[in-house]
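# below are the sequence and a predicted model; questions follow.
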Amino acid sequence: MAQAKSDAQQRQSATLPRQMPNPEGRQEDCLQINYHPQGLINLRNSGDVSKIMSRHFGTALPQEANRFSVSGDRRALWLGPDESLLMCADQDAAELHRTLGTQLTDQHFQLTLLSDALAVYELNGPYVREILAKGCALDLHVSVFRPGQCAQSSLDRASVTLMCEARNSFRLICRTSFADYVETWLKDAAIEYGYSVRNRLK
Amino acid sequence: MLQLNCPFCGLRDEAEFSCGGEAHIARPLAGNQLNDKDFADYLFLRDNPKGVFLERWRHAAGCRRWFNVARHTVSHEIIETYAMGSLPKSKAARQAYQESWRRKTAAEAASKPAKKGKEGR
């Protein structure tokens, strides 16, 4: 007989079920939580890399603070005046890391592969802003936090980066070591609207 | 709860920031001729005014960049936030900068390269 896992072994997120129906039966109001493995590369640079990025990444780095630029499944996020986060398909990350490393050699730069260090969640649902606002001090109103904007902040004390993809669609990036905590928090915050977890961090 | 205006990210909650203490403490250059008292004042003595105070803050949970804040320690009014390496622009904060005891110290004088004489050029 398989032995039950001890409390210490059990993931915190397992204390809440993977699905919680909307209490009033409106399944369309549920929050969809989907762990989505992404290739992530941190880029720090001081010079102008717009040509190299456009040619080899697909999109230039965003010019404005707290914005991200999009090209297909690729995203380039502003993290600081000399720092960006590049997001691509999980299987492309190593190749992209090599390519950019060889293209940027005449620049003062640093490229770090972070695919395993950070976890990306896709959050969809009409109440996603209300749910995130329970633990985040950012102004998440539709008129303020608009598609194409991203922000680094904290979600109930865990450092997160939020990306607004569309009105009701967000991406949340957190440290992998915090993913279980963040997932539990999201599920707990979404109980009143219902939720379903489609994919989980293994 | 305070809100601080990060020069990069805009208005954010105080919980995202960490305070780095007094700003504008210039490090004496190598080879300075400071005596122990002057060096100890530079190293250990920190201001604690009742009024306008110039501080360094870091947007720890955001862009992780340092910047300066002019804050009134009684009312907690944020008078100004300005970039690292620059001086405040508002009248109250400029006055606080100029009237600080630190402006007259030997340590601050020793933080600037000595002016070259005409013969040296």
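Sure, I can see it.

# any idea of the pLDDT on the residue nearest the centre of chain B?
Ranked by distance to the mean C-alpha position of chain B (Cα atoms, centre = their mean), the top residue is residue B:23 at 1.8 Å. If you check residue B:23, the pLDDT there is 96.

# tell me how far it lies from residue B:87.
10 Å (Cβ to Cβ, to the nearest Å). (Glycine included, C-beta is placed from N, CA and C.)

# ok so, going back, quick check: the residue nearest to the centre of chain B touching residue B:47?
No: the criterion here is Cβ atoms under 8 Å, and residue B:23 misses it with residue B:47 at 9.9 Å.

# residues in contact with whichever residue of chain A sits closest to chain B?
Nearest residue of chain A to chain B (Cβ to the nearest Cβ) works out as residue A:137 at 3.6 Å. Contacts for residue A:137 (Cβ atoms under 8 Å, 6 or more residues apart in numbering or on different chains) come out as A:153, A:154, B:12, B:13, B:15, B:16.

# buried only: go through those for me.
A:153, A:154, B:12, B:13, B:16 (16 or more other Cβ atoms under 10 Å in any protein chain shown).

# mind checking which helix or strand residue B:57 is in?
Using DSSP states H and E, residue B:57 sits in strand B:52-58.

# next, the buried residues of stretch A:123-137.
Quick answer for stretch A:123-137 (16+ other Cβ under 10 Å): A:123, A:124, A:125, A:127, A:128, A:129, A:131, A:132, A:133, A:135, A:136, A:137.

# tell me which of the residues you listed fall in helices.
A:128, A:129, A:131, A:132, A:133 (DSSP state H).

# dump the residue contacts of the first one.
By Cβ under 8 Å, 6+ apart, residue A:128 lies in contact with A:31, A:168, A:169, A:170.

# now do residue B:28
Each residue near residue B:28 by Cβ under 8 Å, 6+ apart is listed here: B:34, B:39, B:42, B:107, B:110, B:111.

# and these, which two are the farthest apart?
Longest distance between any two of these is 11.8 Å, between B:39 and B:111; criterion Cβ to Cβ.

# what is the neighbour count of residue A:30?
A total of 20 residues lie near residue A:30 under the criterion other Cβ atoms under 10 Å in any protein chain shown.

# from residue A:133, how far off is it?
17 Å.

# residue B:19 now?
26 Å.

# try residue B:114
As defined by Cβ to Cβ, residue B:114 lies at a distance of 56 Å from residue A:133.
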